[in-house]
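*Asks:* Got a sequence here, can you model it:
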Amino acid sequence: MKNMFIKKSEDHNDQDLKKGFDFKELMNMDLENVKTKFSKKLSKMNKISTPEKKRKVVAFDMGSSTIKIVVGTYYKNDLSIDKYITIKTPKDAIIDGEIKKSDELAMKLGEVLKKNGIKTKDATCTTNSTLIINREILIPKVEEEEMDTVVRYEIQQYLPINLEDYILQVTILGEEIVDETTKLNVRVIAYPEKIARGYYNLLLKLDLKPYALDVNYNAVNKFMNFTGINSEFEYKSKDSVAFIDMGASFIDVNIYKDGQLDFTRIIKDGGNDIDEILLRRSGVKASEIEDFKIRNINLKGELDPLNIQVKDIVDDWIEKIEKIIQFYKNRNIENQIDKIIIFGGSSKLNGMESYMAEKLGIKTKINGITKIAFKSNDDGKPIDDFINVIGSVIRI
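*Replies:* Numbers count the residues shown, from 1 in each chain. Here you go, the predicted structure:
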């Protein structure tokens with residue numbers, strides 16, 4: 001799939017953006033499916049894209065608690081990462097994937113880019129939000145030029161939303177026979193335009209050139225396929241593997257089958273739940289909370305009061321994860337989860353890997369990155385934290 005490039009407006013004010021910039025061009029989901037087809041408008045934009053060239057990008061994984069940054073190049077199936085950085089997100093600057101404090105965020109990121117000598121101009125962002133809609137629907141089999149109209153009509157029957165407020169991308173998953181009529185099974189991703197606008201404006205404030213906007217579950221998909229991350233599990237192409245990103249505000253459960261996204265859900269819980277308990281009960285400072293968790297919390301350890309409270313929270317998470325997995329299985333008798341890979345801050349709680357495997361009855365692993373050439377000193381930082389942002393560098 002070719003990239004959709006950004007037309008950079010000469011004037012950054014909002015009115016000019018509305019007139020001169022089509023936010024659909026910001027989307028570059030790169031879903032791993034040779035049958036992917038866009039609406040008529042998106043197809044036309046692809047045709048005017050410039051030829052592939054070697055392009056270094058600065059990529060941002062925009063979380064509510066932390067922001068991960070890498071500088072990297074993906075060209076002709078070769079990926080290299082020059083440097084990577086983690087910073088704390090300014091308080092309440094990003095809520096549910098939406099930028100709320102753009103000026104404060106731009107100031108913070110500008111300082112970080114300058115401090116680290118990052119002069120790369122092409123920029124990508126990846127994030128996730130409960131406001132991003134992901135649905136599989138059946139539509140009549142139609143010609144490509146009719147796809148946009150039919151999808152918009154059908155999605156409106158499923159969801160009471162104003163489609164003018166969303167950027168749509170359609171992926172054809174296959175064909176099904178329903179009542180002796182051929183239907184197309186399609187995945188529709190609806191991305192709120194106001195969120196896209198926020199990231200576009202942020203990158204302009206940083207004097208960067210917006211190159212692509214990604215969604216975490218798609219970035220993970222590309223990362224998974226590129227690195228062969230499943231090989232340690234003796235992965236078979238028909239297996240289903242769940243990647244669970246245990247973040248500060250949300251837990252993302254993404255299920256992939258045959259190398260592509262098959263199901264995704266967001267749990268509105270995360271590491272902040274544990275932090276709040278520990279801050280109240282242990283007297284530890286907020287700046288010391290991560291070290292405290294590593295030293296004092298063990299899900300397989302002694303049942304002291306703090307461990308018990310943390311286990312109660314984790315048990316609630318696992319119960320919700322189990323319900324999602326069961327729902328996935330109930331959709332189709334052939335749906336199974338063969339393996340689970342966990343990453344994100346809370347995955348590092350002592351004993352989490354074996355505790356989840358025991359509770360869910362599914363092999364669970366914290367996985368490392370393979371097959372990537374890092375040119376800079378990694379400073380011993382855990383690479384697993386950068387799955388989303390590295391995946392966003394990959395453009396297929």
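*Asks:* Just confirm I87 is within a helix.
*Replies:* No. I87: not assigned to a helix; according to DSSP: H, G, I helix; E, B strand; the rest coil it is strand.
*Asks:* what sits against it?
*Replies:* T66, I67, I69, K108, L109, V112 (C-beta atoms under 8 Å, 6 or more residues apart in numbering). Backbone N, C-alpha and C define where each C-beta goes, glycine included.
*Asks:* and E290, how far is that from N185?
*Replies:* 43 Å (C-beta to C-beta, to the nearest Å).
*Asks:* Closest one to I297 out of the contacts of I87, please.
*Replies:* Checking the contacts of I87 against I297 with C-beta to C-beta, the nearest one is T66 at 19.0 Å.
*Asks:* Is the closest one in contact with P90, as I believe?
*Replies:* No. Contact criterion C-beta atoms under 8 Å: T66 and P90 do not qualify, at 11.0 Å.
*Asks:* Turn the contacts of I87 into JSON lines, columns for distance to D239, neighbour count and pLDDT.
*Replies:* Shown next, in JSON lines, are those (distance: C-beta to C-beta, whole Å; neighbours: other C-beta atoms under 10 Å; pLDDT from 0 to 100):
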{"residue": "T66", "distance to D239": "31", "neighbour count": "16", "pLDDT": "95"}
{"residue": "I67", "distance to D239": "33", "neighbour count": "24", "pLDDT": "98"}
{"residue": "I69", "distance to D239": "32", "neighbour count": "22", "pLDDT": "97"}
{"residue": "K108", "distance to D239": "41", "neighbour count": "17", "pLDDT": "98"}
{"residue": "L109", "distance to D239": "39", "neighbour count": "25", "pLDDT": "98"}
{"residue": "V112", "distance to D239": "39", "neighbour count": "16", "pLDDT": "98"}
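*Asks:* Those residues in helices, which ones?
*Replies:* In helices, defined here by DSSP state H, the members of the contacts of I87 are K108, L109, V112.
*Asks:* quick one: F292 is in a strand?
*Replies:* No. Using three-state DSSP, the secondary structure at F292 is helix, not a strand.
*Asks:* sorry, back to before: between the contacts of I87, which is closest to S240?
*Replies:* Among these, and counting by C-beta to C-beta, the member closest to S240 is T66, at 28.8 Å.
*Asks:* and K339, backbone torsions?
*Replies:* Torsion angles at K339 (phi, psi; degrees, to the nearest 10) stand at phi -150, psi 160.
*Asks:* and it, how many neighbours does it have?
*Replies:* 20 (other C-beta atoms under 10 Å).
*Asks:* all strands for the stretch 201-350 of the chain, in order.
*Replies:* 209-215, 240-246, 251-257, 260-267, 339-343 (DSSP state E, counting those that start in this stretch).
*Asks:* Repeat that for the stretch 51-200 of the chain.
*Replies:* Under DSSP E, counting those that start in this stretch, the stretch 51-200 of the chain gives strands at 56-62, 66-75, 78-88, 94-95, 98-99, 122-127, 133-140, 166-178, 181-192.
*Asks:* could you check the angle strand 240-246 makes with the longest helix anywhere in the chain?
*Replies:* With DSSP H setting the assignment, residue counts place helix 305-331 as the longest helix in the chain. With axes from the mean of the first three to the mean of the last three C-alpha atoms, to 10 degrees as the basis, helix 305-331 and strand 240-246 are set at 140 degrees to each other.
*Asks:* and helix 305-331, average pLDDT?
*Replies:* In this model, helix 305-331 carries a mean pLDDT of 95.
*Asks:* Could you list every helix and strand that that helix packs against?
*Replies:* Applying 3 or more C-beta pairs under 8 Å, 6 or more residues apart in numbering; DSSP states H and E, one finds that helix 305-331 makes contact with strand 240-246, strand 251-257, strand 260-267, helix 271-282, helix 352-360.
*Asks:* Could you export the first one as CSV, CA atoms only?
*Replies:* Right, strand 240-246. Provided in CSV are the C-alpha atoms of strand 240-246 (Å, rounded to 0.1, in the frame of the first residue of the first chain):
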residue,chain,number,x,y,z
SER,A,240,-4.6,-16.3,17.2
VAL,A,241,-2.4,-14.3,19.4
ALA,A,242,-3.5,-11.6,21.8
PHE,A,243,-1.3,-8.5,22.4
ILE,A,244,-2.3,-6.8,25.6
ASP,A,245,-0.9,-3.3,26.1
MET,A,246,-1.2,-2.6,29.9
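*Asks:* That one pairs with which strands, parallel or anti?
*Replies:* strand 251-257 (antiparallel), strand 339-343 (parallel) (DSSP bridges).
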